[in-house]
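**Student:** compute the structure for the input listed below.
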Amino acid sequence: MEKKGIFKKLHIPKIEGITLRWLINIIGVITIFFIIVFIVASFAIKTQYYSNVESILNSGASANAVSYFSSNLESGISLEQSAADFIDSYSYKDKTTIWIIDNDGNIIVSSGGFAIDKQEMPDYDDAVLSDTGQGEYIGKYDGGEKIMAVCRVIQNDNNDIVGAVRIITSLEQVDNQIATLIFIVFIAMVIVFAIILFSNLFFIRSIIIPVREVNDTTKKIAQGDYTVRIEKKYNDEIGDLCDAINVMAEEISTTDKMKNDFISTISHELRTPLTSIKGWGETLRLGIDDSVDEVTRKGLEVIVKEAGRLEGFVEELLDFSRLQSGRMNLKLAKTDIFAELDETVFTFRERAMRDGIEVKYSIPEIPAIANADANRLKQVFMNILDNALKYSRSTGKIFVKAEFTKLDGDPFAKIAVADQGCGISKEDLPHVKEKFYKANVSVRGSGIGLAVTNEIVTLHGGRLEIDSEEGTGTLVTIYLPIESIPAQKQLDDIPESPDEAEINRGMEMKG
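**Tutor:** Next up, the predicted model:
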């Protein structure tokens with residue numbers, strides 16, 4: 001728990017992005033460097049220790065030692081007699097073993113005092129064959145103990161080999177010392193590496209964490225949250241960047257507020273004269289008689305129609321203004337969702353027929369009761385149907401189907417609207433619910449109706465899904481929470497619409 005708390009306090013960044021590059025480029029290089037240094041240091045330590053041991057052995061099997069034995073032989077003193085004085089005078093007799101060997105390779109004297117049988121001595125063989133008269137050996141006894149041995153031959157005046165001096169020492173203790181020293185070096189390097197790692201982690205934290213905060217903040221700003229700010233922690237380039245983004249967010253927030261205020265003001269200012277124009281236009285159109293010429297009659301119809309279209313646009317702007325300022329409130333009451341849908345489709349059907357579009361629909365007669373805003377739901381249904389009509393081809397069809405369903409075990413009303421229009425491209429489909437986004441600029445509309453529709457559905461706790469295939473059509477599905485789903489018997493008793501099969505085929509859209 002304590003270790004976990006330390007890492008949490010350090011805010012160690014995830015191993016990705018700049019952190020990953022840092023690990024590869026910096027820590028990777030340092031690791032390789034440390035490995036090389038460790039290998040070189042280990043080799044140097046071992047070489048130094050073995051060199052020291054070899055020097056000690058060479059001091060025993062030196063030219064002076066050989067001269068001592070050669071001189072004694074000339075004086076008639078045998079190797080056995082000379083060996084005792086030589087062993088007593090050798091400085092490292094407590095750390096080494098001394099063998100005196102005759103010219104047949106037999107061990108005639110040992111400083112250990114025990115008789116030793118003839119055995120393989122690679123260093124003796126090398127010394128006999130070598131021009132220098134000296135041989136060295138690092139290996140193991142028959143018992144497995146690791147040793148180092150140095151052997152030098154003894155020659156008489158005729159340069160004939162009459163024996164040899166062999167100095168032997170165990171390497172077990174030396175190897176243990178080497179291993180201990182190498183382990184100390186390893187621990188020291190690990191400590192140094194840890195210091196470098198943690199010092200760099202603090203540095204990375206001072207770079208990566210602020211950059212990640214900047215990235216998260218800019219994403220929120222891009223999504224429309226202009227209230228978010230970055231805490232300035234360092235008085236450097238990162239801190240200056242934080243200040244710049246905070247100033248940018250403030251400026252955008254101010255500009256966005258000015259825009260929303262302007263939209264709200266201009267919408268309210270346009271609403272009154274448009275209502276008057278539309279009202280007087282309808283009054284004049286209803287009051288004309290047969291004496292009025294056809295041009296005047298058509299002109300009044302155009303005035304009424306266009307005033308109504310502008311009035312709808314102004315209402316969308318007002319809804320958008322409420323949406324932006326968070327003032328879009330619902331007047332919730334017990335509402336039959338399917339009844340509101342049926343009424344909206346009935347009203348819309350006449351308009352679609354005038355445009356040559358046939359509407360096929362299947363709506364259960366069983367109520368789908370929900371705590372909802374009836375007027376806002378009608379707005380949602382009308383917006384979806386209006387879009388389906390705008391993007392439909394002449395003589396095409398619009399299919400509407402409502403049914404009961406469940407999402408995550410909760411009861412929902414499902415309303416699907418499909419058209420046979422131009423469809424939406426894969427590139428445009430993810431953005432169609434964004435404010436002011438229009439997939440097809442050739443079709444009339446402000447580009448905010450679907451954004452408002454999506455917001456209303458979301459405020460009701462529902463979900464709006466859009467599935468489309470370019471050149472085939474679009475399917476819009478709305479899920480709205482309801483109080484309960486009728487019993488299965490009631491659902492089974494719902495009469496099937498005559499157009500049910502055709503409606504189901506129309507719903508089979510591919511996204």
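**Student:** show me the helices in the stretch 251-400 of the chain, by range?
**Tutor:** Remark: helices assigned in the stretch 251-400 of the chain by DSSP state H, counting those that start in this stretch are 294-325, 337-354, 374-390.
**Student:** rank those by pLDDT, which is bottom?
**Tutor:** The minimum mean pLDDT among these belongs to helix 294-325 (a mean of 76).
**Student:** quick one on the thing from earlier: can you list the helices of the stretch 251-400 of the chain in TSV and add distance to D256 and mean neighbour count?
**Tutor:** All C-beta spots, glycine's among them, are computed from the backbone N, C-alpha and C. Listed next are the helices of the stretch 251-400 of the chain as TSV, based on distance: least, C-beta to C-beta, whole Å; neighbours: other C-beta atoms under 10 Å:
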stretch	distance to D256	mean neighbour count
helix 294-325	8	16
helix 337-354	33	17
helix 374-390	24	21
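**Student:** of all those, which lies closest to N159?
**Tutor:** helix 294-325 (111.1 Å; C-beta to C-beta).
**Student:** next, the angle from that closest one to helix 374-390.
**Tutor:** In terms of direction (axes from the mean of the first three to the mean of the last three C-alpha atoms, to 10 degrees), helix 294-325 departs from helix 374-390 by 120 degrees.
**Student:** which elements pack onto helix 294-325?
**Tutor:** helix 237-287, helix 449-459 (3 or more C-beta pairs under 8 Å, 6 or more residues apart in numbering; DSSP states H and E).
**Student:** present those as a markdown table; the columns should include distance to T132.
**Tutor:** Shown next, in a markdown table, are those (distance: least, C-beta to C-beta, whole Å):
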| stretch | distance to T132 |
| --- | --- |
| helix 237-287 | 69 |
| helix 449-459 | 96 |
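**Student:** okay, these, which one's buried deepest?
**Tutor:** helix 449-459 (a mean of 21; mean count of other C-beta atoms under 10 Å).
**Student:** just checking, what packs against whichever helix or strand comes after that helix?
**Tutor:** Sequence-wise, the next helix or strand downstream of helix 449-459 (DSSP states H and E) is strand 463-469. Taking 3+ C-beta pairs under 8 Å, 6+ apart as contact, the helices and strands that strand 463-469 lies on are helix 449-459, strand 473-481.
**Student:** if we go to 10 Å?
**Tutor:** helix 374-390, strand 410-419, helix 449-459, strand 473-481 (3 or more C-beta pairs under 10 Å, 6 or more residues apart in numbering; DSSP states H and E).
**Student:** quick one: closest of the ones you listed to F348.
**Tutor:** F348 lies closest, by C-beta to C-beta, to one member of these: helix 374-390, at 4.8 Å.
**Student:** any idea of the angle the closest one forms with strand 463-469?
**Tutor:** When the same axes, to 10 degrees is applied, the directions of helix 374-390 and strand 463-469 differ by 0 degrees.
**Student:** low-confidence ranges in the stretch 401-511 of the chain?
**Tutor:** For the stretch 401-511 of the chain, applying pLDDT under 70 flags the ranges 436-447, 489, 492-493, 509-511.
**Student:** hmm, back to that, if you average pLDDT over each of the helices and strands packed on helix 294-325, which is lowest?
**Tutor:** Among the helices and strands packed on helix 294-325, helix 237-287 has the lowest mean pLDDT, at a mean of 80.
**Student:** distance between that one and the chain's centre?
**Tutor:** Chain-centre distance of helix 237-287: 39 Å, with C-alpha atoms, centre = their mean, to the nearest Å.
**Student:** angle of it against helix 294-325?
**Tutor:** Calculated by the same axes, to 10 degrees, helix 237-287 forms an angle of 150 degrees with helix 294-325.
**Student:** which residues touch Y68?
**Tutor:** Y68 makes contacts with S62, S82, D85, F86, S89, I154, V165, as judged by C-beta atoms under 10 Å, 6 or more residues apart in numbering.
**Student:** wait, the second one touches N72, no?
**Tutor:** Yes - counting by C-beta atoms under 10 Å, S82 touches N72, with 4.2 Å between them.
**Student:** shared neighbours, those two?
**Tutor:** The contact sets of S82 and N72 overlap at I154 (C-beta under 10 Å, 6+ apart).
**Student:** which one of those two has more residues nearby?
**Tutor:** Applying other C-beta atoms under 10 Å to S82 and N72 shows that S82 carries more neighbours, namely 22 against 18.
**Student:** same question for the more buried one, what's its three-state structure.
**Tutor:** Following DSSP: H, G, I helix; E, B strand; the rest coil, we place S82 in the helix state.
**Student:** how near is it to S70?
**Tutor:** For S82, the distance to S70 equals 10 Å [C-beta to C-beta, to the nearest Å].
**Student:** which neighbours do the two share?
**Tutor:** I154, G163.
**Student:** which of the helices or strands spans T132?
**Tutor:** Remark: T132 resides in no helix or strand, with elements defined by DSSP H and E.
**Student:** what does N235 give?
**Tutor:** N235 belongs to no helix or strand when assigned by DSSP H and E.
**Student:** out of the helices of the stretch 251-400 of the chain, nearest to G76?
**Tutor:** Comparing the helices of the stretch 251-400 of the chain by C-beta to C-beta, helix 294-325 comes nearest, at 121.6 Å.
**Student:** what's the angle from the closest one to helix 449-459?
**Tutor:** Relative orientation of helix 294-325 versus helix 449-459 (the same axes, to 10 degrees): 50 degrees.
**Student:** quick one on the thing from earlier: any chance of JSON lines for the helices of the stretch 251-400 of the chain, columns distance to Y50?
**Tutor:** Converted to JSON lines, the helices of the stretch 251-400 of the chain look like this (distance: least, C-beta to C-beta, whole Å):
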{"stretch": "helix 294-325", "distance to Y50": "82"}
{"stretch": "helix 337-354", "distance to Y50": "92"}
{"stretch": "helix 374-390", "distance to Y50": "88"}
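**Student:** residue contacts, L389?
**Tutor:** By C-beta under 10 Å, 6+ apart, the contact list for L389 reads F348, R351, A352, D355, I357, V359, G396, I398, D419, G421.
**Student:** now the helices and strands packed on strand 463-469 as a markdown table including distance to I35?
**Tutor:** Compiled in a markdown table, the helices and strands packed on strand 463-469 are given as follows (distance: least, C-beta to C-beta, whole Å):
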| stretch | distance to I35 |
| --- | --- |
| helix 374-390 | 66 |
| strand 410-419 | 60 |
| helix 449-459 | 57 |
| strand 473-481 | 60 |
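**Student:** would you map the helices across the stretch 51-200 of the chain?
**Tutor:** Counting by DSSP H, counting those that start in this stretch, the stretch 51-200 of the chain has helices at residues 63-74, 79-89, 122-129, 172-222.
**Student:** quick revisit: show me the one of the helices and strands packed on strand 463-469 that comes nearest V228.
**Tutor:** Nearest to V228, of the helices and strands packed on strand 463-469 and by C-beta to C-beta, is helix 449-459 at 20.3 Å.
**Student:** and for E403, the neighbour number?
**Tutor:** Applying other C-beta under 10 Å, we find 17 residues neighbouring E403.
**Student:** show me what it bridges to in the sheet.
**Tutor:** Beta-bridge pairing for E403 (DSSP bridges): K414.
**Student:** quick one, what contacts it?
**Tutor:** 338, 362-364, 368, 412-416, 485, 491, 494.
**Student:** got the contact list for V452?
**Tutor:** Taking C-beta under 10 Å, 6+ apart, we find V452 in contact with 315-320, 322-323, 328, 376, 379-380, 383, 435, 446.
**Student:** and for T477?
**Tutor:** Counting by C-beta under 10 Å, 6+ apart, T477 makes contact with 384, 401, 414-418, 463-467, 507, 509.
**Student:** now list the buried members of the residues you listed.
**Tutor:** The neighbour count (16 or more other C-beta atoms under 10 Å) marks 384, 401, 414-418, 463-464, 466-467, 507, 509 as buried among those.
**Student:** before we move on, the earlier item: out of the helices of the stretch 251-400 of the chain, which is closest to I184?
**Tutor:** Closest among the helices of the stretch 251-400 of the chain, using C-beta to C-beta: helix 294-325, at 68.6 Å.
**Student:** many thanks, we can stop here.
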